[in-house]
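K.L.:
Sequence and computational prediction follow.
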Amino acid sequence: MSSVNRNPRRRFSTIGARLTLWGTVVTFGACAALCAALYAGVSMTLHEEIDNFLKGEVYEFLSSVNHHRGDDSSLEQEFRRELGDRALGDLAFRLFDAQGRLLISSEPDDFVAATWRPAALESDDYASPSFETVWVPQAGRSYRLCNLHAKLDDGRECVAQAGYSLARMTESLARFRSICVLALIASVLIAFGVGRFLATRSLRPIRIITAGAHLIGADHLERRLPVSGSGDELDQLIVTLNDFLARIERYVSQLR
């Protein structure tokens, strides 16, 4: 039983196993950091693109509201007809008055308008659009909202809103995460295989030295370890050992 418990430790007791393990860990950490950086960059880029898209749409929506001055009902029907042609159904427009009442909605069943209300209008809210992400339980998805506080040409204070469903972006990011997981698994397997091969190949001279040292005994002190001629650290070690063996051979000869 005790020998079984020591087996896991023995697996990593060799230099080759430790080099393979550390190489695999370093490769995994580097790939994980790269995947995390790529994921953050892709997510940030998608959010920026959606915000820029909504910013242009909300200004266009506000222009349409001013063009159809005082005719909110016909404008609502027009937007519903136009957006009804979108196969994805991911874009919606809304107009709220200063008290937060819904005046126009491009969606007949508007789950966002049923749960979301604009904040109280302030004097400094007319400068630029504001963005927020809301989760709508009834729809089972998140929406990115671009809100623009403005005063219409007919004198009404309102909040124009352009909303975009984040379902497609969420699916895209989920696929990206799946690809990252597969890439991490592949990188670990490749790193382990390559690390094992390189460690075995790099430590082959040490095994040759060990095998040659076993053949050297009191009756064969004239034998020397082979030098590869590469001039690397192992060759320097072999030269040192051969010099040491030569000195031992001389001492033994003198004793004899």
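P.N.:
Happy to help now that I have it. Here the structure is a predicted model, which means the values were calculated and not measured.

K.L.:
can you give me the strands in the stretch 1-150 of the chain?
P.N.:
Here the stretch 1-150 of the chain has its strands, by DSSP state E, counting those that start in this stretch, at 91-97, 102-105, 130-136, 141-151.

K.L.:
Neighbouring strands - and their directions - for the longest one?
P.N.:
Meaning strand 141-151. strand 130-136 (antiparallel), strand 157-165 (antiparallel) (DSSP bridges).

K.L.:
Please name the residues that touch Leu184.
P.N.:
For Leu184, the contact set (Cβ atoms under 8 Å, 6 or more residues apart in numbering) comprises Phe28, Cys31, Ala32, Cys35. Heads up, the C-betas are built off the backbone N, CA and C, glycines and all.

K.L.:
Distance to Leu184 for those residues - can I get that in JSON lines?
P.N.:
What follows is these, written out as JSON lines (distance: Cβ to Cβ, whole Å):
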{"residue": "Phe28", "distance to Leu184": "7"}
{"residue": "Cys31", "distance to Leu184": "6"}
{"residue": "Ala32", "distance to Leu184": "6"}
{"residue": "Cys35", "distance to Leu184": "7"}
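
K.L.:
Which of those sits closest to Thr200?
P.N.:
Distances from Thr200 to the contacts of Leu184, taken as Cβ to Cβ, are shortest for Phe28 (20.5 Å).

K.L.:
State whether that closest one and Val188 are indeed in contact, as I suppose.
P.N.:
Yes: if you go by Cβ atoms under 8 Å, Phe28 and Val188 touch, sitting 5.3 Å apart.

K.L.:
Off-centre distance for the strand or helix carrying Val181?
P.N.:
For Val181, the host element (DSSP states H and E) is helix 167-202. Offset of helix 167-202 from its chain centre (Cα atoms, centre = their mean, to the nearest Å): 12 Å.

K.L.:
CA atoms only for stretch 169-182, dumped as CSV, please.
P.N.:
What follows is stretch 169-182, C-alpha atoms only, in CSV (Å, rounded to 0.1, in the frame of the first residue of the first chain):
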residue,chain,number,x,y,z
MET,A,169,-23.7,39.2,-29.2
THR,A,170,-24.2,36.9,-26.2
GLU,A,171,-24.3,33.9,-28.5
SER,A,172,-21.2,35.1,-30.3
LEU,A,173,-19.2,35.5,-27.1
ALA,A,174,-20.4,32.1,-25.9
ARG,A,175,-19.0,30.5,-29.1
PHE,A,176,-15.8,32.5,-28.6
ARG,A,177,-15.5,31.1,-25.1
SER,A,178,-16.0,27.6,-26.4
ILE,A,179,-13.3,28.0,-29.0
CYS,A,180,-11.0,29.3,-26.3
VAL,A,181,-11.7,26.3,-24.1
LEU,A,182,-10.9,23.9,-27.0
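
K.L.:
contact partners of it?
P.N.:
Cys35, Leu38, Tyr39, Val42, Ser43, Leu46, His47, Ile50, Arg141, Ser142.

K.L.:
Please report which of those has the highest neighbour count.
P.N.:
The most crowded member of the contacts of stretch 169-182, judged by other Cβ atoms under 10 Å, is Ile50 (20 neighbours).

K.L.:
need the contact list for it.
P.N.:
For Ile50, the contacting residues are Arg144, Tyr164, Leu166, Met169, by Cβ under 8 Å, 6+ apart.

K.L.:
What's opposite the second one in the beta bridge?
P.N.:
Right, the one you point to is Tyr164. Here Tyr164, judged by DSSP bridges, has bridge partners Leu91, Arg144.

K.L.:
ok, it - how many residues close by?
P.N.:
21.

K.L.:
so it sits right up against Asn52, yeah?
P.N.:
No: counting by Cβ under 8 Å, Tyr164 sits too far from Asn52 to count as a contact (11.2 Å).
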